[in-house]
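Colleague: 3D model of this:
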Amino acid sequence: MRNAWLLCQKELRSYFNSPVAYIVLTVFLLTTGFFFTSSLFLYDQATMRTLFSLVPVIFLFFVPAITMRLLAEEKRSGSIEVLVTLPTRDWEIIVGKFLAAWGLVIVAVLLTLFYVLSLSMIGDLDGGETFAGYLGLVLLGGAYAAIGTWSSSLTRNQIVAFIISMAIIAALYMVDDLLPILPMSLAPVLQFLSTSYHYENISRGVIDTRDLIYYASLIFLMLYLAHHALASRKWK
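Modeller: The predicted structure is shown next:
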């Protein structure tokens, strides 16, 4: 696990040593800030609900933009061959890359705490609901980062990785909206697969172990698939 942590630190430094992190964080904050302030003055309510409903949609583009280069760029440049010759296991490479991407997502989410501070000065916030909302965002960001890691392990092209990741994330997020037009027998399964369903449960302040297990399982599955994709190079 030490190697995974060292790789995570190296990857985070690479984010902040280039314009990538600053560009995506700036765009993220400008977008959330615009809609947050607009709804605040429109409804005149001290609530974070607007932000909690907006960020998952922004994540559809934000997280794939962060993760698309994780392994795709390593494959394109050929540096993946150097990386795998080091005393580092494949799973440590995957976990290290994933943790770096998830870390950047968490940084973006934490930067929005400025909005919480602003609202607390003008009204009474529901602390429990706010905490649950942020927990939901962190878990959702982790699941999307894992999906992005797997998508990046499938190709050498960053744009292809971005498109694959965004398509999977969008499908899992919007599957809940298809329930009214699908057979009732499929409803429980599709609802369980929906990331938005579990996120909305948590963001309402209901922290159910089933929702936590769902996100943990999704992250594990995506990282397992990414490990399998990386290991498949040995069979070629």
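Colleague: residues of the helix or strand that contains residue 92 that come out buried?
Modeller: When elements are assigned from DSSP states H and E, residue 92 belongs to helix 90-111. In terms of neighbour count (16 or more other Cβ atoms under 10 Å), helix 90-111 has its buried residues at 90-106, 108-109. To be clear about C-beta, it is placed using only N, CA and C from the backbone, and glycine gets the same treatment.
Colleague: and what of stretch 140-159?
Modeller: Buried, per 16+ other Cβ under 10 Å, within stretch 140-159: 140-158.
Colleague: Let's see which of those end up in helices.
Modeller: 140-153, 158 (DSSP state H).
Colleague: ok so, going back, name the next helix or strand downstream of the helix holding residue 92, please.
Modeller: According to DSSP H and E, the helix or strand after helix 90-111 is helix 113-122.
Colleague: per-residue confidence for the spatially closest residue to residue 142 that is not a sequence neighbour?
Modeller: Spatial nearest neighbour of residue 142, chain neighbours left out: residue 102 (5.0 Å); criterion: Cβ to Cβ, 6 or more residues apart in numbering. Listed pLDDT for residue 102 reads 94.
Colleague: Not counting the strand or helix carrying residue 217 itself, show me its contacts.
Modeller: According to DSSP H and E, residue 217 maps onto helix 209-231. Outside helix 209-231, the residues that touch it by Cβ atoms under 8 Å, 6 or more residues apart in numbering are 71, 84, 90-91, 93-95, 98, 139-140, 142-143, 146-147, 149-150, 152-154, 192, 195, 198, 201-202.
Colleague: What's the mean pLDDT across it?
Modeller: Helix 209-231 shows a mean pLDDT of 92.
Colleague: Quick one: distance of that helix to the chain centre.
Modeller: Helix 209-231 has its C-alpha centroid displaced from the chain centroid by 13 Å (Cα atoms, centre = their mean, to the nearest Å).
Colleague: residue ranges with poor pLDDT in this structure?
Modeller: Flagging of the chain using pLDDT under 70 yields the residue ranges 39-47, 78-87, 123-124, 179-185, 233-236.
Colleague: how close does the residue nearest in space to the middle of the chain get to residue 210?
Modeller: The C-alpha lying nearest the average C-alpha coordinate of the chain belongs to residue 141 (Cα atoms, centre = their mean; 2.5 Å). Plainly put, residue 141 is 19 Å away from residue 210 if you go by Cβ to Cβ, to the nearest Å.
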